[in-house]
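K.L.:
please work out how this folds:
(chains A and B, ligands or ions: 2)
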Amino acid sequence: MYDCLIIGGGLAGLTCGIKCAKEGLRTAIISGGINSLHFSSGSIDLMGYSADKNIIHNPFKHIKSIKRKNPQHPYAKIPVKTIEESITFLTDELKSEKLLFYNNSGKNHFRITAIGATKPTYLSQESVFNEQLDLALKNNTRISILNFEGFRDYYQEFAFSNLKKNSLFNKLNISSGSIKLSFLPDTKKHLLESNSIDIARLFETEKYLPRISEEIKKAAGDSTIITLPAFIGLNNYNKIHKRLLELTGLQIYEIPTLPPSILGMRIDNALKSRFSSLGGEFIAGDKAAGGEIYNHRVTHIYTENYTEATHHAKYYVLSTGSFLSGGLQSGFNKMYEPVFNLQFNWSRKRNKWYSDNFFSAESHPFLSFGVNTNAALHPYDKDGNVIDNLYCIGAVLSDYDPVREASGGGVAVSTACYAAQKIINGIKG
Amino acid sequence: MQRYETEVIVIGGGATGTGILRDLSIRGIDATLIEKNDIASGTTGRNHGLLHSGARYAVYDLESAQECIKENKILKKIARHCIEDTGGLFVTLYHDNPKYHDLLLERCKLAGIKASEISPMQAMAIEPNLSSHTLKAVKVPDAVIDPFRLTSSNMIDAVERGAKIFTYTAVNKIITSGNDSVGIECINKKNEKIEIYANIIINAAGIWGQHICEIAGIELKMMPSKGSMLIIDYRTNNIVINRCRPPADGDIVVPGDTVSIIGTTSKEIDYDKIDNCNVDDDEIDTLLKNGEDLLPNIRRTRGLRAYCGIRPLMAVSGKVKGRKISRGIVLIDHKERDGMEGLITIAGGKLMTYRLMAEKTCDLICKKLNRKLKCTTHKLPLPGSEKKIPAKQTIKHFSGIPASTVGSTFYRHGQRVHNILTKDKKNYRLICECELVTEGEIEYAIKNLNVKNITDLRRRTRIGMGPCQGELCAYRAAGLFNEYNSTSPEESLKLLKDFLEERWNGIKPVFWGDGLREIELSYWIYQGLFGLGDFGDSDTEEN
Ligand SMILES: Cc1cc2nc3c(=O)[nH]c(=O)nc-3n(C[C@H](O)[C@H](O)[C@H](O)COP(=O)(O)OP(=O)(O)OC[C@H]3O[C@@H](n4cnc5c(N)ncnc54)[C@H](O)[C@@H]3O)c2cc1C
Ligand SMILES: Cc1cc2nc3c(=O)[nH]c(=O)nc-3n(C[C@H](O)[C@H](O)[C@H](O)COP(=O)(O)OP(=O)(O)OC[C@H]3O[C@@H](n4cnc5c(N)ncnc54)[C@H](O)[C@@H]3O)c2cc1C
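P.N.:
Numbering: from 1, shown residues only, chains lettered A, B, ... in the order given. Ligands and ions are numbered 1, 2, ... in the order given. Reported below is the predicted structural model:
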């Protein structure tokens, strides 16, 4: 019997699990597949855009106003102080795994995208944004947007041409270029069909670093700052990054590009490692197939691989993500939550699931569909009864649009910590 | 203002127009083709891709049926690399009227179509996914034809023989002198005016032919009938499956590459709607329901996209509608009909009768120009189809390159594979993993096949047509545009955005299940991660 059984090991489930395990609860996470961190920017958004599409600089202030304007929003259900604490909690936990994050003292900063847009976000890895870069932007610094020649998942010219026109960069002297790795005959060939993970491995091979650094320096010319697509090592990347800085004497920043996302995977690895070291049990490669609900409580769940075995816990957390991760399902004219068949917010008409234009400024309605909960994040069963020992957190929730608002990471982390605290209180009395 | 002269102007770059251009250039007549979008972007790129045996028309329209079987045999020889010779079945289900089966056999015989009855057991053996409610079955020589490759091959041949093509250039005026039409005025994407003078102008604008006549001051009435099709992400059937009953909605399932296509519907629409029509939700319901009757596991497969086309049928007198009006070829000499010398309209027909339509048109042109030149297109293979070479031999020739990559390139381009692949890794590395499209194929298309944007590139190569609908490869393609076409980064990103919007249009009607998941990911990547939508269509930045 677990104290807390979490279904779905993404950013939400893992954060919740870490918090529970840290308080000494018997905690397990059962997780079916890769989570959305593997596709993400690796920055944690909190609240980036207002309903009228303006960029938000002060996210906490804006979150306060959400409580009035949109009481169904997950942020409206959580005290702002808890949201603030949850971000600090996450940053600290990741720090103990040596993954360092930058935040702009309570305000948003921006991350550079692979096509040279800038997007407001709240937490970024130090290799993506830090104080030095912030300072450099205010001065007349030379920056070079670089790529490895032949890497097909990033085109530096896109980032370069748009950044040149971006007012945030108008003090900078920007150039672009490519790094030739012809000294590695096999690797060069291999590079042509590599994704970012393959290249990360290259960086992890210590003997290559001096030559790579030399080539980087050549391509950088007289720039003092360079950017690379995010592929500087997956494991050990701190050490690699530091060594690269030493060898090149440059400031090196990473720009997230097409999946797989090295930046997101670093977070995933760090969280999983943290969870295990706190004594949590991670059951990978199996999926919750369903659960029994009796008297407004989940009594047990069963899984896809071992339908006869059941898992019992005092509390359950559903953090199975959105459609992409399988936490939400859609079919011809129907949508549902597959594990418990929970009450779900969606439109019955399938032509109301999307906007006419792909890049509609209104984003798409389906992104706000999801499981409906009460103020304590308890969902309802199909008859409308609150399920008392089940919490829903993260992307499985309804009534927020993580893309349009730029709020996905923040909602995942804050709902996770909020639910964890309630479970901890419940167990410890 | 640019000004050109030529002997013949062809308006419209569908199968018909490019077919005419090729025929003329083979006969040695100087010609220029004007197309307002891309080649094969009109009805030619929006149909079912069935190389009819003629059986479908045998019962009601014997003449069309005879045309079909004749052209069917010719195209199987001259357009090998555009055709998959699957064969076809007409299937009677237990609640269908079995009399139609007998009638079909009888009429096929009359039309000269080799149709043979097989037992339901034999039918199930050929097509294991077929409904177990099959009562009777007839085997016919139907096949599948790829309209993009077909049009592109006609274009390549014509251009290599000296013809000219202007795409993204719209004809907006017919220049007349007295009663004669002597030239056209057109306008390209850069808003430049071009005047072209010629002895003869061919209106091969398909359903838009009414408009071309209008600007020439002539009345010609088309009867637009919309048909929708649904692509499913699984090749449920390996041969063409027809329902054996009078033609109706959703009664044909055509396999193509890695997918199957259910079609079609038939809805009368107003002429002023022909440029803005979409697949309606009820059409999807109809197609799924009827498709499922023939192949029950269709409902369990994923809908990949849906699209619609407008049949370019000409109003003949009387009140016959939709599928019932003749699909016959209509060739109009406007001198005879309206007293206007120099203008000819060709319309009606089918994709698979394009060659015959071209032949008839060019014969009339020759007569008018007083040139005794004979048609040879029924004998002369299209570029890529010159010789019957087995894929195996080509794969061996390119040893070192993965066989699947060579196979796909050969499948799409026939012998032209030798102009595309080299043993340089950069050339044969994959850009689109779903459809096995290499960088070399993209480079070739951008440089040689009149490609102006990523959607054109899709028509020439199948990039982004697979299960992921361009999720990763679209971005890569945009990068290669920047590299090979010297398109500026801003323009390339605009092309990327347009491409994703165009894909989206086809995905909306089938937006559920795995398709929805795929879009959630695509939207996160292109909007959440990249912020592509943050850049307006103008070049100004908005951040
Ligand atoms: C492609 C993408 C990119 C994103 N990028 C960003 C970003 O850059 N910044 C940001 O702040 N937010 C981003 N987000 C928003 C994202 O929703 C949140 O940041 C957060 O990652 C969501 O975490 P989650 O734990 O709720 O869900 P997920 O990360 O989706 O995790 C759900 C997990 O549950 C598992 N699962 C599903 N069903 C079951 C089952 N029945 N049994 C067991 N396990 C199951 C899945 O396999 C998966 O591992 C992105 C989202 C997506 C989809
Ligand atoms: C739903 C459906 C299913 C079908 N299925 C099949 C099938 O399975 N097999 C088959 O053989 N046939 C089929 N057909 C018929 C076939 O698609 C058409 O008969 C054929 O494609 C017509 O080709 P086209 O070149 O005449 O016309 P189009 O391909 O429409 O070409 C006309 C071109 O003219 C251009 N144009 C228009 N106005 C201008 C202008 N002002 N200036 C310059 N250019 C202009 C257009 O952009 C267009 O590209 C189907 C048709 C439909 C609608």
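
K.L.:
how's chain A carved up into domains?
P.N.:
Using automatic domain parsing, the domain parsing of chain A gives A:2-98+A:265-428, A:129-255.

K.L.:
right, I mislabeled it, should have said chain B
P.N.:
According to automatic domain parsing, the domains of chain B span B:2-43+B:148-222+B:327-369, B:82-144+B:224-312, B:429-534.

K.L.:
for A:Ser273, identify the helix or strand it belongs to.
P.N.:
Element membership of A:Ser273 [criterion: DSSP states H and E] is helix A:262-277.

K.L.:
so after that helix, what's the next helix or strand?
P.N.:
Next along the chain after helix A:262-277, taking DSSP H and E as the criterion, comes strand A:281-284.

K.L.:
dump the residue contacts of residue 115.
P.N.:
Because you didn't say which chain, this covers chain A. Counting by CB atoms under 8 Å, 6 or more residues apart in numbering or on different chains, A:Ile115 touches A:Phe158, A:Ala159, A:Asn162, B:Leu493, B:Phe530, B:Gly531, B:Leu532, B:Phe535. Just so you know, the C-beta spots here come from the backbone N, C-alpha and C atoms, and that holds for glycine as well.

K.L.:
that answer is for a different chain, and I need it for chain B
P.N.:
B:Ser53, B:Ala55, B:Phe90, B:Leu104, B:Leu105, B:Cys108, B:Lys109, B:Val138, B:Lys139, B:Val140.

K.L.:
report the contact partners of the nearest residue to it once chain neighbours are set aside.
P.N.:
Excluding its sequence neighbours, the residue lying closest to B:Ala115 (CB to CB, 6 or more residues apart in numbering or on different chains) is B:Cys108, at 3.7 Å. Going by CB under 8 Å, 6+ apart, B:Cys108 touches B:Gly54, B:Ala55, B:Ala58, B:Ala65, B:Lys114, B:Ala115, B:Val138, B:Val140.

K.L.:
how many residues are close by the closest residue to the second one other than its chain neighbours?
P.N.:
Excluding its sequence neighbours, the residue lying closest to B:Ala55 (CB to CB, 6+ apart) is B:Val140, at 4.4 Å. Number of residues near B:Val140 (other CB atoms under 10 Å in any protein chain shown) recorded here: 27.

K.L.:
same deal with A:Arg142?
P.N.:
Neighbours around A:Arg142, by other CB under 10 Å: 16.

K.L.:
would CSV of the domains of chain A with mean pLDDT be doable?
P.N.:
Below are those laid out as CSV (pLDDT from 0 to 100):
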stretch, mean pLDDT
domain A:2-98+A:265-428, 96
domain A:129-255, 90
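
K.L.:
could I get the ones you listed as a markdown table with distance to chain B?
P.N.:
Formatted as a markdown table, the domains of chain A follow (distance: least, CB to the nearest CB, whole Å):
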| stretch | distance to chain B |
| --- | --- |
| domain A:2-98+A:265-428 | 3 |
| domain A:129-255 | 4 |
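
K.L.:
now for those domains, which one comes closest to ligand 1?
P.N.:
For ligand 1, the closest of these is domain A:2-98+A:265-428, at 2.2 Å, according to CB to the nearest ligand atom.

K.L.:
which single residue of chain B ends up nearest ligand 2?
P.N.:
Proximity of chain B to ligand 2 (CB to the nearest ligand atom) peaks at B:Gly14, 2.1 Å away.

K.L.:
can I assume that residue is in contact with B:Gly206?
P.N.:
Yes: the criterion here is CB atoms under 8 Å, and B:Gly14 meets it with B:Gly206 at 5.4 Å.

K.L.:
list the residues that contact both of these two?
P.N.:
Residues touching both B:Gly14 and B:Gly206 (CB under 8 Å, 6+ apart) are B:Gly42, B:Thr43, B:Thr44.

K.L.:
right, is stretch B:228-241 up against chain A?
P.N.:
No: if you take CB under 8 Å from any CB of the partner chain as the test, stretch B:228-241 misses chain A, and the best it gets is 11.9 Å.

K.L.:
endpoints of that stretch, how far apart?
P.N.:
17 Å (CA to CA, to the nearest Å).

K.L.:
list the buried residues of that stretch.
P.N.:
Neighbour counts using 16 or more other CB atoms under 10 Å in any protein chain shown place B:Ser228, B:Met229, B:Leu230, B:Ile231, B:Ile232, B:Asp233, B:Tyr234, B:Thr236, B:Asn237, B:Ile239, B:Val240, B:Ile241 of stretch B:228-241 among the buried residues.

K.L.:
strands of the stretch 151-300 of chain A, start to end?
P.N.:
For the stretch 151-300 of chain A, the strands defined by DSSP state E, counting those that start in this stretch occupy A:173-179, A:225-229, A:251-255, A:281-284, A:288-294, A:297-303.

K.L.:
pipe those into JSON lines and attach mean neighbour count per row.
P.N.:
As requested, these are exported to JSON lines (neighbours: other CB atoms under 10 Å in any protein chain shown):
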{"stretch": "strand A:173-179", "mean neighbour count": "19"}
{"stretch": "strand A:225-229", "mean neighbour count": "23"}
{"stretch": "strand A:251-255", "mean neighbour count": "22"}
{"stretch": "strand A:281-284", "mean neighbour count": "16"}
{"stretch": "strand A:288-294", "mean neighbour count": "17"}
{"stretch": "strand A:297-303", "mean neighbour count": "18"}
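
K.L.:
of all the ones you listed, which one is nearest B:Lys190?
P.N.:
Nearest to B:Lys190, of all the strands of the stretch 151-300 of chain A, is strand A:173-179, at 27.6 Å by CB to CB.

K.L.:
and the longest helix seen in chain B, what does it pack onto?
P.N.:
With secondary structure taken from DSSP state H, chain B has its longest helix at helix B:489-507. Applying 3 or more CB pairs under 8 Å, 6 or more residues apart in numbering or on different chains; DSSP states H and E, we find helix B:489-507 packed against helix A:156-165, strand B:303-311, helix B:454-461, helix B:473-484, helix B:513-523.

K.L.:
most packed of those?
P.N.:
Stretch with highest mean neighbour count among the helices and strands packed on helix B:489-507: helix B:454-461 (a mean of 26; mean count of other CB atoms under 10 Å in any protein chain shown).

K.L.:
can you tell me the average pLDDT over that helix?
P.N.:
Helix B:454-461 shows a mean pLDDT of 96.

K.L.:
put the alpha carbons of stretch A:125-134 into CSV.
P.N.:
This file holds the C-alpha atoms of stretch A:125-134, laid out as CSV (Å, rounded to 0.1, in the frame of the first residue of the first chain):
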residue,chain,number,x,y,z
GLN,A,125,18.7,26.8,-18.0
GLU,A,126,21.8,28.9,-17.4
SER,A,127,23.1,27.7,-20.8
VAL,A,128,20.0,29.3,-22.4
PHE,A,129,19.9,32.6,-20.6
ASN,A,130,21.8,34.2,-17.7
GLU,A,131,22.8,37.5,-16.3
GLN,A,132,25.8,37.7,-18.4
LEU,A,133,23.7,37.4,-21.6
ASP,A,134,21.2,39.9,-20.2
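
K.L.:
just to revisit the earlier point, now do the longest helix of chain B: everything it contacts.
P.N.:
A:115, A:155, A:157-158, A:160-162, A:357-359, B:278, B:304-307, B:453-455, B:458, B:464, B:469-470, B:474-475, B:477-479, B:481-482, B:487, B:515, B:519, B:522, B:526, B:532-533, B:535, B:537, B:539.
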